[in-house]
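Participant: sequence first, predicted model second:
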Amino acid sequence: DAKTTQPPSMDCAEGRAANLPCNHSTISGNEYVYWYRQIHSQGPQYIIHGLKNNETNEMASLIITEDRKSSTLILPHATLRDTAVYYCIVRLPGYNTDKLIFGTGTRLQVFP
Amino acid sequence: SQTIHQWPATLVQPVGSPLSLECTVEGTSNPNLYWYRQAAGRGLQLLFYSVGIGQISSEVPQNLSASRPQDRQFILSSKKLLLSDSGFYLCAWSGAFREQFFGPGTRLTVL
């Protein structure tokens, strides 16, 4: 799995867009970008994934650069409940072991 | 829609006692299932995964075992708990693109 680099922490005002960057310069052509988050004392929550096209779902948008070496997760209208650690993972969907290896992630603090 | 259940939510057990944690998934068939453990302030550690009934792969040698008696049921067990078995145990299933969906977890404290 390709290595990812994320800022350790970010702040965002409630109601504003939260843009969380992730660098993955060693990504290979068929590796996907996945985003998860973990709210304190809860299990990880899948947010979104993508290969090369931008993706949007009810939770967030994922913008992947044309060279695929970086991506941005966008929470369009952050709420206090979005305060969590956000993890960017790059991996190839496999058929056997699919263990998730979380890095240190970005701790997003949404403030009123 | 798919849902995943785990129970119990919390558990306090003495050292040397047995353990049985259960995970069930609804709304999907033949899912890949996973057991993870997260120690306090630490990352996820994959313990077991299963691609089908009766098929269990262990990631790390340890005091725990897993079983999958039914398609959507995954059980984590131990005959004798150790202090080091304390942690947050998470069950997950994976979708078509191997995105993983986690259950609410069981917080185990071994005293």
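Facilitator: Received the coordinates, thanks.
Participant: centre-most residue in chain A?
Facilitator: The residue lying closest to the centre of chain A (CA atoms, centre = their mean) is A:Trp35, at 3.3 Å.
Participant: for chain A, which segments count as strands?
Facilitator: Taking DSSP state E to define them, one finds strands in chain A at A:9-13, A:18-23, A:32-38, A:45-50, A:55-56, A:61-64, A:70-75, A:84-91, A:106-111.
Participant: got the angle for the last one vs strand A:18-23?
Facilitator: So the one you mean is strand A:106-111. 170 degrees (axes from the mean of the first three to the mean of the last three CA atoms, to 10 degrees).
Participant: so where is the chain shaky, pLDDT-wise?
Facilitator: By default, I'm working from chain A. In the predicted model, chain A carries pLDDT under 70 at residues A:1-2, A:93-99.
Participant: should've been chain B
Facilitator: Residues of chain B meeting the criterion pLDDT under 70: B:61.
Participant: can you tell me how far the closest residue in space to A:Gly15 that isn't next to it in sequence is from chain B?
Facilitator: Sequence neighbours aside, A:His77 is the residue nearest to A:Gly15 in space, at 5.7 Å (criterion: CB to CB, 6 or more residues apart in numbering or on different chains). For every residue, glycine as well, the C-beta is placed using N, CA and C. Distance, A:His77 to chain B, by CB to the nearest CB, to the nearest Å: 23 Å.
Participant: residue contacts, A:His64?
Facilitator: Small correction: residue A:64 is Ile, not His. By CB atoms under 8 Å, 6 or more residues apart in numbering or on different chains, the contact set of A:Ile64 is A:33, A:50-54, A:70-71.
Participant: pretty sure B:Ser84 is in a strand, no?
Facilitator: No: secondary structure of B:Ser84, determined by DSSP: H, G, I helix; E, B strand; the rest coil: helix, with no strand assignment.
Participant: dump the strands of chain A into CSV; add distance to B:Ile53 as well.
Facilitator: Shown next, in CSV, are the strands of chain A (distance: least, CB to CB, whole Å):
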stretch, distance to B:Ile53
strand A:9-13, 44
strand A:18-23, 37
strand A:32-38, 27
strand A:45-50, 25
strand A:55-56, 33
strand A:61-64, 35
strand A:70-75, 36
strand A:84-91, 26
strand A:106-111, 39
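Participant: so which of those strands is nearest B:Val51?
Facilitator: strand A:84-91 (17.3 Å; CB to CB).
Participant: elements contacting the closest one?
Facilitator: Secondary-structure packing of strand A:84-91 (3 or more CB pairs under 8 Å, 6 or more residues apart in numbering or on different chains; DSSP states H and E): strand A:18-23, strand A:32-38, strand A:70-75, strand A:106-111.
Participant: mind listing what's buried in the first one?
Facilitator: Same thing as strand A:18-23. A:18, A:20, A:22-23 (16 or more other CB atoms under 10 Å in any protein chain shown).
Participant: which single one of those residues is nearest to chain B?
Facilitator: A:Cys22 (16.1 Å; CB to the nearest CB).
Participant: show me what contacts the closest one?
Facilitator: So, once contact is read as CB under 8 Å, 6+ apart, A:Cys22 ends up touching A:4-6, A:33, A:35, A:70-73, A:88.
Participant: what's the closest of these to chain B?
Facilitator: A:Trp35 (9.7 Å).
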